[in-house]
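**Student:** Could you look at this predicted model? Sequence included:
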Amino acid sequence: MNTRWWKWVLWGIGAVVAVTVLAAASILFIVGHGIPFVEGDRVVRSGAAYGFTIGSTRAEAFAAIKEKYSSPGNKVSVAWKRASLDNEVLQTLESPGSRQMSGDAYGYYRAGVSGLPEVPQPLLLVDQWHVEMPAKWVDSVYLTFAGGRLAEIQRSRWVFERP
């Protein structure tokens, strides 16, 4: 009879502990940082991505939004500081929910993509656009303009909101 059976028991216990620690560490990582290769932010500053091309005008970027993102429920929005020079014009166009929070430092405009026939005035005045795609995911595209041209495309995709 083998008298070293206790070595096999210790190896088994060690393996169970190692797997448990690895699983716990993986779960903590995923909760804090997202599911690798699925979630996260991707930023593009040259070339093209997600239907947009760096260097496009606002009208070209809006045409791409209408073509690729006009599904029901998709929205485009912009936010601006109420202390900005354009606030006088923008406050007349802001969304009703934004008007109710007039004490906030920022105002916003939000509209359904499918209901917009042309580039709305707020999108012409604000340099960062937010395209929201409601789903089981938190899914957004942010477009940043500089000098009237598209300078950055950012895709943000998450299974759930994190603090």
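**Tutor:** Everything's here; your move.

**Student:** right, and Ala146 touches Gly55 too?
**Tutor:** No - applying Cβ atoms under 8 Å as the test, Ala146 and Gly55 come out as separate, 10.3 Å apart. Every C-beta, even on glycine, is put in place using the N, C-alpha and C of the backbone.

**Student:** Of those two, give the one with the bigger neighbour count.
**Tutor:** Neighbours of Ala146 and Gly55, each counted by other Cβ atoms under 10 Å, are more numerous for Gly55; the result is 12 against 9.

**Student:** That one belongs to a helix?
**Tutor:** No - the secondary structure assignment for Gly55 gives coil rather than a helix, going by DSSP: H, G, I helix; E, B strand; the rest coil.

**Student:** 51 is where my numbering starts, stick with that
**Tutor:** Let's use 51 as the start, then, which means that last one is Gly105.

**Student:** for this protein, what spans make up the strands?
**Tutor:** Under the criterion DSSP state E, the chain contains strands at 90-94, 98-99, 102-103, 125-131, 156-162, 178-182, 188-196, 199-208.

**Student:** between the longest one and strand 188-196, what angle do the directions make?
**Tutor:** By that I understand strand 199-208. Relative orientation of strand 199-208 with respect to strand 188-196: 160 degrees, computed using axes from the mean of the first three to the mean of the last three Cα atoms, to 10 degrees.

**Student:** List the buried residues of strand 199-208.
**Tutor:** Within strand 199-208, the residues scored as buried using 16 or more other Cβ atoms under 10 Å are Leu200, Ala201, Glu202, Ile203, Gln204, Arg205, Ser206, Arg207, Trp208.

**Student:** Could I get the buried residue list for the helix of greatest length in the chain?
**Tutor:** Ranked by residue count, the top helix of the chain under DSSP state H comes out as helix 55-83. Of all the residues in helix 55-83, not one is buried under the rule 16+ other Cβ under 10 Å.

**Student:** my read: Ser206 touches Glu182, true?
**Tutor:** No - using Cβ under 8 Å, Ser206 is not in contact with Glu182; the gap is 10.3 Å.
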